[in-house]
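Novice: here is my input, please return the structure:
(chains A and B, ligands or ions: 2)
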Amino acid sequence: MYSQGLIGADSETEESEEFLAAFQARIDREEKIEPNDPMPQGYRKTLVRQIGQHAHSEIVGMLPEGNWITRAPTLRRKIALLAKVQDEGGHGLYLYCAAETLGVSREQMTEELLSGKAKYSSIFNYPTPSWADIGAIGWLVDGAAIMNQVPLCRCSFGPYARAMVRVCKEESFHQRQGYELMMTLTEGTDAQREMAQDALNRWWWPSLMMFGPHDSESSNSDQSMLWKIKRFSNDELRQKFVDATVPQAERIGLTVPDPDLKWNPEKNDGEGGYDFGAIDWDEFWRVVKGGGPMNRDRIAARTKAWEDGAWVREAALAHAEKRKQRMQAAKVAAE
Amino acid sequence: MSKQPASTPLWEVFIRPRNGLNHKHVGSLHAADGDLALQAARDVYTRRGEGNSIWVVLSKEIIASDPDLSEENFDPSSDKIYRHPSFYEIPDDIGHM
Ligand SMILES: [Fe+2]
Ligand SMILES: [Fe+2]
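Specialist: Ligands and ions are numbered 1, 2, ... in the order given. Model prediction:
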């Protein structure tokens, strides 16, 4: 998973017109930008922020699903969930490394996550009270993330694009295992069907929010599109997601919780698409700013992991240093 | 060891997908020493049969060319056509050479 439309970025930049024009010309020629290449400050800042948010989202995203690993109903479901959560950890690591090529350190990014300065996808501030939530996350949340991430494979910044290629390769099993899990529930008892519907009811709107604010509200989007960090706008991606997902819900007998959802044959240049109801942006901003049901738990869990791991990091470094000195001493003695 | 712990070093990871191919850069990771870097590289970069051999190199040990000099360093040498086989005239009846 899990990038979200970028939340608040400062793409301001102060270089000369000439420098900016030359940079833009490279972007327009579809040249990839590599870490040591000259680049505008605003481009660097936007990427550090976006890749950082994306990495944090992968890592925090392990928590809601990790919650169910010990309680998965069968061994098959358990190994699948374990593998998925492990993948998300890997995605976080690929992305932190991509951000580090821009001159920000891992420690700095971690501190910004723990202090609340850096954001992560608002979706992970919702709880996972039922097993069906694991299905809903794989199907909807990973599904939305794939919509977002596939175009990022063509991002103008080389290390981010390359990390995304790896991530996208691994994502497809995530969505399939989630959908299969939901389908299995809908083929079960009444109680299991209700559980699946209840999960869809709770995850549908937060999933649509994952694409970020409407284009009209999202001031950094234009610059990101110009720099080819983004290839599609938030609203374009959201529409694609709705159009792809509604038939999947129907196929397994679930109802999308939107009374305004309606097929519109005129949409998408006459190819047809779904009109859908208004998104509750007050809720979105409340959750982004820390008022979601699980914000405190998530940061508390990450802080505990970071603090509990401190002695391990220190011991590993001390051990490495000791070994290095022993080897040097042995070398000197041999000479 | 100082109070403010040093940051864990950064390593670049190279993987050979199978025998007969080159090791190829796949990304980087943090680890205290080479053994831990190899273990972490295995976990992070080879979960689906991506390779059969891993190299890890301390990122700070890599010596890189200067991107500002890339034009003069990597000039396409299009004026040096004598470096290409089509520069040389050879009779057709010689066949493939
Ligand atoms: Fe992911
Ligand atoms: Fe995922």
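Novice: contacts, neighbours, all on C-alpha from now
Specialist: Will do.
Novice: contacts only, for A:Ile229.
Specialist: A:Leu47, A:Leu152, A:Cys155, A:Ser156, A:Phe157 (Cα atoms under 8 Å, 6 or more residues apart in numbering or on different chains).
Novice: so it: helix, strand or coil?
Specialist: In the three-state summary, A:Ile229 is assigned as coil, counting by DSSP: H, G, I helix; E, B strand; the rest coil.
Novice: swap in B:Val26?
Specialist: strand.
Novice: in this model B:Pro17 seems to touch it, though I could be wrong.
Specialist: No: using Cα atoms under 8 Å as the test, B:Val26 is too far from B:Pro17 to be in contact (10.7 Å).
Novice: pretty sure A:Ala199 sits against A:Asp133.
Specialist: Yes: between A:Ala199 and A:Asp133 there is a contact under Cα under 8 Å: 5.3 Å.
Novice: those two: which has the busier surroundings?
Specialist: Each of A:Ala199 and A:Asp133 has its neighbours counted (other Cα atoms under 10 Å in any protein chain shown); A:Asp133 has more, 26 against 22.
Novice: residues in contact with residue 60?
Specialist: You didn't pick a chain, so chain A it is. By Cα under 8 Å, 6+ apart, the neighbours of A:Val60 are A:Tyr120, A:Phe124, A:Arg298, A:Arg302.
Novice: let me rephrase: I mean chain B.
Specialist: B:Leu10.
Novice: what is the neighbour count of A:Lys78?
Specialist: Around A:Lys78 there are 16 residues (other Cα under 10 Å).
Novice: which of the residues in stretch A:74-88 are buried?
Specialist: Neighbour-count burial for stretch A:74-88, counted by 16 or more other Cα atoms under 10 Å in any protein chain shown, picks out A:Lys78, A:Ala80, A:Leu81, A:Leu82, A:Lys84, A:Val85, A:Gln86, A:Asp87, A:Glu88.
Novice: could you identify the most distant pair in these?
Specialist: With distances taken as Cα to Cα, the most widely separated pair in the buried residues of stretch A:74-88 is A:Lys78 and A:Glu88, at 15.4 Å.
Novice: what is the helix ranked longest in chain B packed up against?
Specialist: What stands out as the longest helix in chain B, according to DSSP state H, is helix B:34-45. Contacts defined by 3 or more Cα pairs under 8 Å, 6 or more residues apart in numbering or on different chains; DSSP states H and E place helix B:34-45 against helix A:75-100, strand B:24-30, strand B:53-58.
Novice: for ligand 2, which of those is the nearest?
Specialist: helix A:75-100 (5.8 Å; Cα to the ion).
Novice: quick check, that closest one touching ligand 2?
Specialist: No: applying Cα under 5 Å from the ion, one finds helix A:75-100 separated from ligand 2 by no less than 5.8 Å.
Novice: lowest-pLDDT helix or strand in chain A?
Specialist: Here the helix or strand of chain A ranked lowest by mean pLDDT, DSSP states H and E is helix A:221-226, holding a mean of 88.
Novice: which residues touch the nearest residue to A:Gly143 once chain neighbours are set aside?
Specialist: With sequence-adjacent residues excluded and distances taken as Cα to Cα, 6 or more residues apart in numbering or on different chains, A:Gly143 is closest to A:Gln175, at 5.7 Å. Applying Cα under 8 Å, 6+ apart, we find A:Gln175 in contact with A:Gly138, A:Trp139, A:Leu140, A:Asp142, A:Gly143.
Novice: from those, which ones fall inside strands?
Specialist: Using DSSP state E, no member of the contacts of A:Gln175 falls in strands.
Novice: neighbours around residue 58, how many?
Specialist: Chain wasn't specified; assuming chain A. Neighbours of A:Glu58 using other Cα under 10 Å come to 26.
Novice: my question was about chain B, not that one.
Specialist: B:Leu58 has 18 nearby residues by other Cα under 10 Å.
Novice: before we move on, the earlier item: pull the residues that contact the least confident helix or strand of chain A.
Specialist: With Cα under 8 Å, 6+ apart as the criterion, helix A:221-226 contacts A:Ser11, A:Thr46, A:Asp215, A:Lys230, A:Arg231, A:Phe232, A:Ser233.
Novice: tell me which helix or strand A:Trp263 sits in.
Specialist: Assigned by DSSP states H and E, A:Trp263 belongs to strand A:262-264.
Novice: assess the claim that A:Ala196 and A:Glu187 are in contact.
Specialist: No: using Cα under 8 Å, A:Ala196 is not in contact with A:Glu187, being 10.2 Å away.
Novice: looking at the two, which one has more neighbours?
Specialist: For A:Ala196 and A:Glu187, the more surrounded residue by other Cα under 10 Å is A:Ala196, and the numbers stand at 25 against 12.
Novice: in a helix, B:Val13, correct?
Specialist: No: counting by three-state DSSP, one finds B:Val13 to be strand, located in no helix.
Novice: distance of the residue nearest to it when sequence neighbours are not counted from A:Glu236?
Specialist: Sequence neighbours aside, B:Val56 is the residue nearest to B:Val13 in space, at 4.7 Å (criterion: Cα to Cα, 6+ apart). As judged by Cα to Cα, to the nearest Å, B:Val56 and A:Glu236 stand 41 Å apart.
Novice: checking the spatially closest residue to A:Thr255 that is not a sequence neighbour next. Helix, strand or coil?
Specialist: Distance criterion Cα to Cα, 6+ apart; nearest residue to A:Thr255, sequence neighbours excluded, is A:Ala249 at 6.5 Å. The three-state assignment at A:Ala249 reads helix, by three-state DSSP.
Novice: start and end of stretch A:111-130, how far apart?
Specialist: 32 Å.
Novice: and for whatever helix or strand A:Phe19 lives in, what's in contact with it?
Specialist: Here A:Phe19 sits within helix A:17-28, counting by DSSP H and E. Helix A:17-28 has contacts (Cα under 8 Å, 6+ apart) with A:Lys32, A:Ile33, A:Met39, A:Pro40, A:Ser156, A:Trp227, A:Lys228.
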